[in-house]
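Visitor: Dropping the sequence and predicted coords here.
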Amino acid sequence: MATETPAAEAAKDEAAEAQLTEAIAAEAQPDAGAAPIQRQLVVINWSGEFDKVLPTLIMGSVAAASGYKTSVFLTFWGLLPFVKDEKRITGDGMMQKMLSFMQRPGISHMKMSKMNFMGMGPWMIGKLSEQYNVASPQELLEACQLMGVEFLPCQMTMDMFGLKREDMIDGLGDPVGAATVLELMTEDHTGSLFI
Amino acid sequence: MSDTIHTSVDAKGLSCPMPIVKTAQAVKAVPAGELIEVLATDPGSVKDFAAWTRSTGNTIVEQTEDDGVFRFVIKRA
């Protein structure tokens, strides 16, 4: 009955109602599908090695499979596996061409960050993966794309390596910069990884 | 729970993350309320399917193990 009552009371009611709704939601837990939280995973994929790209693709595919909005930012060496496999030499300038010669781009040509041993490491991992039915990077990439993972190439990296859109695999998003990724990373209910 | 299985996913022999990925792909074609059966041999899939259903709102209505094969019956949300 005080002067500010109507507003204060309304606020109080609202708070109580919210609490009640929350309690009910918690009670009815398994089917909280009514008002789902849109969770999100953002991966910064900055390494181009087999043992770094694989976890990126695993986490990406599982996140998308679990209903997460999933984005993978492809930057620096991490962009190179997303060049078409059949591209051998990319870039315009001498140095860009030499770099692609030194590290052949494409998902089938990734090296290991550890125990590469002139290709023996990747070969052995390939054999073991076959034996234990571990999905290949190619399979995982296909799954990611089917499940709607958004791959965002870094514009700056594309410029630096002299990569054009037609050098890259199909289905990538538009090239973006760090500000776009930062915005995604700091949204609510978002997990981010730097791999 | 007398309903019949709408779709069956055979993920036997597959390692993480393929049982989840295959199931998620199959679930897309299943109408709400229908049942999906998943067979997997990856022991990690027990915890993974529990987590996956919590994330997606689907429900595990039955879970058994027979000679190393895990069978999950999942109700589509």
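Guide: Received, thanks.
Visitor: now the residue nearest the centre of chain A, what's its secondary structure?
Guide: Among the residues of chain A, the one closest to the centroid is A:Val72, at 2.5 Å (C-alpha atoms, centre = their mean). A:Val72 falls in the strand class when you classify it by DSSP: H, G, I helix; E, B strand; the rest coil.
Visitor: so who does the nearest residue to it once chain neighbours are set aside touch?
Guide: Nearest-residue entry for A:Val72: A:Val43, 4.6 Å, with adjacent residues in sequence omitted and distances by C-beta to C-beta, 6 or more residues apart in numbering or on different chains. Glycine gets a C-beta too; all of them are placed from N, C-alpha and C. By C-beta atoms under 8 Å, 6 or more residues apart in numbering or on different chains, the residues touching A:Val43 are A:Thr56, A:Met59, A:Gly60, A:Thr70, A:Ser71, A:Val72, A:Phe73, A:Ser192, A:Leu193, A:Phe194, A:Ile195.
Visitor: What of A:Phe50?
Guide: Counting by C-beta under 8 Å, 6+ apart, A:Phe50 makes contact with A:Met110, A:Lys111, A:Met112, A:Ser113, A:Pro122, A:Ile125, A:Pro137.
Visitor: what about 10 Å?
Guide: Counting by C-beta atoms under 10 Å, 6 or more residues apart in numbering or on different chains, A:Phe50 makes contact with A:81, A:107, A:109-113, A:116, A:121-122, A:125-126, A:137.
Visitor: Looking at those residues, which are in helices?
Guide: Counting by DSSP state H, those place A:Gly121, A:Pro122, A:Ile125, A:Gly126, A:Pro137 in helices.
Visitor: Quick one: which of the contacts of A:Phe50 is the most crowded by neighbours?
Guide: In terms of neighbour count, A:Pro81 stands highest of the contacts of A:Phe50 at 27 neighbours, by other C-beta atoms under 10 Å in any protein chain shown.
Visitor: Tell me if I'm right that that residue and A:Trp46 touch.
Guide: No: A:Pro81 lies out of contact with A:Trp46 (C-beta atoms under 10 Å); the separation is 11.6 Å.
Visitor: Find the centremost residue of chain B, please.
Guide: The centroid of chain B falls nearest to B:Val38 when counting by C-alpha atoms, centre = their mean (3.9 Å).
Visitor: before we move on, back to that, and the gap between the residue nearest to A:Val72 and B:Glu65?
Guide: 33 Å (C-beta to C-beta, to the nearest Å).
Visitor: what's the span of stretch A:167-185, first residue to last?
Guide: 28 Å (C-alpha to C-alpha, to the nearest Å).
Visitor: which sections of chain B are below the confidence cut-off?
Guide: Counting by pLDDT under 70, the ranges of chain B that qualify are B:1-2.
Visitor: What of chain A?
Guide: Counting by pLDDT under 70, the low-confidence segments of chain A come to A:1-4, A:23-35.
Visitor: Return the residues of it in contact with chain B.
Guide: Contact residues (C-beta under 10 Å from any C-beta of the partner chain) of chain A with chain B: A:29-34, A:36-37, A:39, A:57-68, A:129, A:132-135, A:139-140, A:142-144, A:146-147.
Visitor: And the residues you listed, which of them are buried?
Guide: Neighbour counting by 16 or more other C-beta atoms under 10 Å in any protein chain shown classes A:39, A:57-68, A:134-135, A:140, A:142-144, A:146-147 among those as buried.
Visitor: Lovely, talk soon.
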